[in-house]
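Trainee: structure for the following, please:
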Amino acid sequence: MIHRFIFVLIVLNFQLPVWSQDNLVANGNFNESLACSGNTTIAHWFIPQNNPVDIDNLCPYIDWWRFIRDPKMGIQGSACGFVETYYKGFADDNIYSGRLYMATKLTKPLQAGQQYYFEMMVRAVDTFPNLKLVNTVFTNGQDISFAKEMPLFDFDIPRNFLTLRPVVTSTLKTNYEWHKISHCFRATGNEHYLIIGNFRNDANTDTATTKKRNPNFPNGLIANYAIDNVILTPMNIQLTDTSFCQSTLVINAFTSYPKEIAYQWSDGSTAPQYTATKNETIALRLKYSDQCFLDKSIQILALSKAGPGIMHTKDTTFCEGDNILISGGIHLADQTITWDDGSTVSDRNITAPGTYTSLIGNKCGLSITQKIYVKTKSCDSGLFLPNIFTPNADGVNDEFKPFFSDDFREMHSMEFSIFNRWGQLIYFTRDSELGWDGMYLAKPAPSGVYGYQLLIKTKTATGTGIIRRQGDLTLVRP
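Mentor: Residues are numbered from 1 along each chain as shown. Got it, this is the predicted structure:
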């Protein structure tokens, strides 16, 4: 078993690079259009239907009437997405019960176990402001769901897309203002397509009147919503422990998405950047929303060119017959390590006691000599093996096996083997309660000298320890 003892010397930086998150929703603001033979449609987005949609070329599938009623009703006066979360009853254009969705293929599938943040802006709109067709209502159901395969929807009842599980759900708002819908969640890895719309049946869909009614169609109801600024981004803080050799170190935690993300440093500052001037541990909270935030702490080491010439580490001890892995510094760019044997690897495998020295350099011109003192110890305290046994059925010393004291360390496993003088294996067990009774091939083995090997794996504070014992035993028969 290899134990790992790591001594860390942090390499120097005077400014950390800017990092940013990706929006995994292409054209999330709906401003990118696609020209199609004199017409235009929204790039990257499509309306799921019961026939496959060509994602690489949306031009064959342009549905002006349903998808974009007014391309200027977005939150910034530009284009936006559009869904119908509820329509029920009939009007003079034969509107039927159902839903209208929009979908897009994510720029890359979500990673299983990774936490993500989603947000979008929604606003109720009157598709028919002249009230010619049906009564408009407010509703919830501006939800999002994900699918692994291309979503194919049946607009007629029964609606097979209602089996999709909403990941983000909305509440009923009875006004025409823009509202932010947001949520954080952990991905399963099956999220390849994003779908926006109402995944609830009529009984679970909340509605409220807009007080805009057409008495000619009392049973016709419709709820329309504009969708804009759709964001789906992984929640990460890509900062690590670091150090610097200048007077200050600027740590930049700026992220592009979402724009309203809040930065909260441990000193109370709220800017995306933090300026360090000394050795310290700092903490950052990225607050995506009131319910979605991420915390991380990093250590900062301020070094100068006139540093200490030798840095000692604590003595390291391991069991005889075992081996350990010692490390000089950490695996970062611009670091050089040279051991006393001339090797330049970061990790070094040690099988014997002694003093091991490495020279560690970095880009600030600082060189430090690291010394690691390695000792060995016997790890078989509490283990006893006799060197003679008499299998004569008198109840005393009738079998050969190891004996353990009550305070012997907890064992993972044990292998115990007996060999005759020609090296043939004549007995083997993994059970610490069993021993050799002097029999071989159902016959008593003759008196004489035999060899044994014992391998024990024990639990230690740092992992697993190994005890190896081998020697001779004498079988005595009357």
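Trainee: please identify the buried residues of the helix or strand encompassing Y274?
Mentor: Taking DSSP states H and E as the definition, one finds Y274 inside strand 273-276. Across strand 273-276, burial judged by 16 or more other Cβ atoms under 10 Å covers 274, 276. From N, CA and C alone the C-beta is placed, and that goes for glycine too.
Trainee: just stretch 401-417 next, same as before
Mentor: Result for stretch 401-417 [16+ other Cβ under 10 Å]: buried residues 401-402, 404, 408-409, 414, 416-417.
Trainee: CA atoms only for that stretch, dumped as CSV, please.
Mentor: Extracted C-alpha coordinates of stretch 401-417, given in CSV (Å, rounded to 0.1, in the frame of the first residue of the first chain):
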residue,chain,number,x,y,z
LYS,A,401,-1.1,-20.5,13.2
PRO,A,402,-0.4,-16.9,14.1
PHE,A,403,-1.6,-15.6,17.4
PHE,A,404,-2.8,-12.0,18.0
SER,A,405,-3.1,-10.0,21.2
ASP,A,406,-6.3,-8.3,22.0
ASP,A,407,-4.9,-4.9,21.1
PHE,A,408,-3.6,-5.9,17.7
ARG,A,409,-4.6,-3.6,15.0
GLU,A,410,-7.8,-4.2,13.0
MET,A,411,-7.1,-6.3,9.9
HIS,A,412,-8.3,-5.8,6.4
SER,A,413,-7.1,-9.3,5.3
MET,A,414,-4.7,-12.1,5.9
GLU,A,415,-2.9,-14.7,3.8
PHE,A,416,-1.1,-17.6,5.5
SER,A,417,0.9,-20.2,3.5
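Trainee: got the contact list for that stretch?
Mentor: For stretch 401-417, the external contacting residues (Cβ atoms under 8 Å, 6 or more residues apart in numbering) are 379, 381-386, 425, 427-432, 434-436, 452-460, 464-465, 469.
Trainee: among those residues, name the buried ones.
Mentor: Here, 16+ other Cβ under 10 Å leaves 379, 383, 385, 427, 432, 435-436, 452, 454-456, 458, 460, 465 buried among the contacts of stretch 401-417.
Trainee: save those as CSV, and put in pLDDT too.
Mentor: As requested, these are exported to CSV (pLDDT from 0 to 100):
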residue, pLDDT
C379, 67
L383, 84
L385, 86
Y427, 93
S432, 88
G435, 91
W436, 92
Y452, 93
L454, 90
L455, 88
I456, 86
T458, 79
T460, 65
G465, 72
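Trainee: inside strands: which ones of those residues?
Mentor: Judged by DSSP state E, strands contain the following of the buried ones among the contacts of stretch 401-417: 383, 427, 452, 454-456, 458, 460, 465.
Trainee: between these, which is nearest K211?
Mentor: Checking those against K211 with Cβ to Cβ, the nearest one is T460 at 74.9 Å.
Trainee: secondary structure class for C364?
Mentor: Put simply, C364 is coil when judged by DSSP: H, G, I helix; E, B strand; the rest coil.
Trainee: just give me the neighbour total for it.
Mentor: 19 (other Cβ atoms under 10 Å).
Trainee: the nearest residue to it once chain neighbours are set aside - how many residues pack around it?
Mentor: Closest residue in space to C364, ignoring its immediate chain neighbours: C245 at 3.4 Å, by Cβ to Cβ, 6 or more residues apart in numbering. When neighbours are defined as other Cβ under 10 Å, C245 has 20 of them.
Trainee: C245 and N198, how far apart?
Mentor: For C245, the distance to N198 equals 58 Å [Cβ to Cβ, to the nearest Å].
Trainee: do the same with L249
Mentor: From L249 to N198 the distance is 50 Å (Cβ to Cβ).
Trainee: more neighbours, these two?
Mentor: N198 (29 against 22).
Trainee: residues contacting that one?
Mentor: N198 neighbours (Cβ under 8 Å, 6+ apart): 83, 85-86, 99, 139-143, 205.
Trainee: between these, which has the most around it?
Mentor: Busiest of those [other Cβ under 10 Å] is T85, holding 28 neighbours.
Trainee: doesn't it fall inside a helix?
Mentor: No: using three-state DSSP, the assignment for T85 is strand, not a helix.
Trainee: give the contact list for it.
Mentor: Counting by Cβ under 8 Å, 6+ apart, T85 has contacts 99, 139-142, 197-198, 205, 223-225.
Trainee: tell me the pLDDT of it.
Mentor: What the model reports as pLDDT for T85 is 89.
Trainee: next one: the one 5 residues further on
Mentor: As summarised for this prediction, F90 has a pLDDT of 62.
Trainee: one more: the one 10 residues further on?
Mentor: Among the per-residue scores, L100 shows a pLDDT of 82.
Trainee: and the buried residues of stretch 401-417 as TSV, adding pLDDT?
Mentor: TSV is the format used below for the buried residues of stretch 401-417 (pLDDT from 0 to 100):
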residue	pLDDT
K401	91
P402	90
F404	85
F408	80
R409	76
M414	90
F416	93
S417	93
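Trainee: check contacts around V122.
Mentor: 142, 170, 178-179, 181, 225-228.
Trainee: leaving out sequence neighbours, find the closest residue to the residue with the largest distance to the centre of the chain.
Mentor: The outermost residue of the chain relative to its centre, with distances by Cα atoms, centre = their mean, is P478 at 67.8 Å. Sequence neighbours aside, N392 is the residue nearest to P478 in space, at 5.8 Å (criterion: Cβ to Cβ, 6+ apart).
Trainee: what is the neighbour count of the one you found?
Mentor: 14.
Trainee: in this structure S145 contacts F153, no?
Mentor: No: with contacts counted by Cβ atoms under 8 Å, S145 stays clear of F153, the gap being 11.5 Å.
Trainee: secondary structure element for S145?
Mentor: strand 143-147.
Trainee: immediately after that strand, which helix or strand?
Mentor: strand 179-186.
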